[in-house]
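*Asks:* Fold the following, please.
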Amino acid sequence: MQPESRKGQISVAWNGLQLKIPDTWDLRVGGHRNLIFEKELQPQWQLRWAEGSRGSTKAVEGGLPALTDKLGSPMREPPAAWQGLKRTFRHLTCYQLENGNLGGGACICPQCSTILSFQLLTEDPELIRLAAESFASLSCHSGKQTLWRMQDFSLVTPPSFTLTDYTFGAGLTRLSFRQADLILHTCRLASADERLAGQTLEEILLILADVVEFDHTRGDDSACQGYRRPSIPRQIMFRLRREKPFVWAKLWHDSDSNRLLGVVLQANRPIPEKTATTICKRYEIV
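*Replies:* You can find the predicted model right below:
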């Protein structure tokens, strides 16, 4: 699932989209379907995308204007660095600014009908080539599972989980997903040694799971997990409180990176152990 990186490149992924970028760039999330690429804290270019309708070509093409607004006027032919991408994407159009510089472009993936748009945020001529190389490595239709890879972590979720919210705060990264009535939260906390100096793993796990009644077990000094499986009367009580009755959570310490990783699942029905453990196995510091 994870694309291999060439020397000088790193692989990044967000919400169904994967690509390679220079290892001197940083990735910043601008929205559920918006990535901004920076170098030394300066934005270089941004990428936006929208799901297209497989059943209607006109409907897909009709979604292009919304992602090309303010990019400039259409160019007759893309710059040389982008010419080869005409064989990969449909309706590739580049736009130029009033000064004649490339402002951005848009296209459609022929396999999944995803509508893609890019915008250059600096006038560095070298950026045209680098952005084209990154765009050429882009994949947006993996299907079987969804990779999330940025900052220093990698996470894989089943495709049925939809991103609902995210937080990138100082010392805390949190991604939230939903699958029907099942809610998934993944957390990355830093630095671990400072947090563990004042709280135990069990205490931090209770805070992350946001529960009072919890049966927890500790496998070793670096991990603990717990669950809530209430009786039917207590399930009714939790539902009346608008709480998910069933909870499964795990917190573990990655000592090599000095990070804490946590997974919390909440549902109206018993949570499959296989689902929980599989997500934990694919959540790691890279």
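*Asks:* so where's the longest helix in this protein?
*Replies:* Longest helix of the chain, by residue count under DSSP state H: helix 125-136.
*Asks:* in it, what's buried?
*Replies:* 127-128, 130-135 (16 or more other CB atoms under 10 Å). For the C-beta atoms, the positions are set from N, CA and C on the backbone; glycine is no exception.
*Asks:* Check the contact between Ser154 and Leu261; I expect there is one.
*Replies:* No - with contact defined as CB atoms under 8 Å, Ser154 does not reach Leu261; the gap is 10.8 Å.
*Asks:* Can you pull the residues that touch both of those two?
*Replies:* Common neighbours of Ser154 and Leu261, counting by CB atoms under 8 Å, 6 or more residues apart in numbering, are 283-285.
*Asks:* Quick check: Arg269 touching Phe246?
*Replies:* Yes - at 6.4 Å, Arg269 counts as touching Phe246 under the criterion of CB under 8 Å.
*Asks:* Who has more neighbours out of these two?
*Replies:* More crowded of Arg269 and Phe246, by other CB atoms under 10 Å: Phe246, with 19 against 12.
*Asks:* For that one, give its distance to Ser222.
*Replies:* When distance is defined by CB to CB, to the nearest Å, Phe246 is 26 Å away from Ser222.
*Asks:* Stretch 112-121 spans what distance, first to last residue?
*Replies:* 27 Å (CA to CA, to the nearest Å).
*Asks:* meant to ask about stretch 279-286, not that
*Replies:* 16 Å.
*Asks:* May I ask which helix or strand of the protein has the lowest mean pLDDT?
*Replies:* Lowest by mean pLDDT, DSSP states H and E among the helices and strands of the chain is helix 57-62, with a mean of 53.
*Asks:* so how far is stretch 276-286 off the chain centroid?
*Replies:* How far stretch 276-286 lies from its chain's middle: 14 Å, per CA atoms, centre = their mean, to the nearest Å.
*Asks:* ditto for stretch 191-199
*Replies:* For stretch 191-199, the distance to the chain centre is 27 Å (CA atoms, centre = their mean).
*Asks:* And for stretch 29-36?
*Replies:* Using CA atoms, centre = their mean, the offset of stretch 29-36 from its chain centre is 9 Å.
*Asks:* distance from the centroid: which residue in this protein tops it?
*Replies:* Pro233 (38.0 Å; CA atoms, centre = their mean).
*Asks:* Tell me which helix or strand that one sits in.
*Replies:* helix 232-240 (DSSP states H and E).
*Asks:* Now tell me what touches that helix from outside.
*Replies:* Outside helix 232-240, the residues that reach it (CB under 8 Å, 6+ apart) are 230, 244-245, 268.
*Asks:* Could you rerun that using 10 Å?
*Replies:* 211, 213, 228-231, 243-247, 268-269 (CB atoms under 10 Å, 6 or more residues apart in numbering).
*Asks:* Mind giving me the PyMOL select for those, buried ones only?
*Replies:* The PyMOL selection below is limited to those of the contacts of helix 232-240 classed as buried (16+ other CB under 10 Å):
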select buried, resi 211+228+244+245+246+247+268
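*Asks:* Toward the C-terminus from the helix holding Pro233, list the very next helix or strand.
*Replies:* Using DSSP H and E, the first helix or strand after helix 232-240 is strand 246-254.
*Asks:* Tabulate the buried residues of helix 125-136 (TSV), appending distance to Pro22 and pLDDT.
*Replies:* Formatted as TSV, those follow (distance: CB to CB, whole Å; pLDDT from 0 to 100):
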residue	distance to Pro22	pLDDT
Leu127	10	93
Ile128	14	92
Leu130	6	95
Ala131	10	94
Ala132	12	94
Glu133	9	95
Ser134	8	95
Phe135	13	94
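*Asks:* still on that earlier bit, and the helix holding Pro233 with strand 246-254, angle?
*Replies:* 80 degrees (axes from the mean of the first three to the mean of the last three CA atoms, to 10 degrees).
*Asks:* quick revisit: so what sits against both of Arg269 and Phe246?
*Replies:* In contact with both Arg269 and Phe246: 181-182, 235, using CB under 10 Å, 6+ apart.
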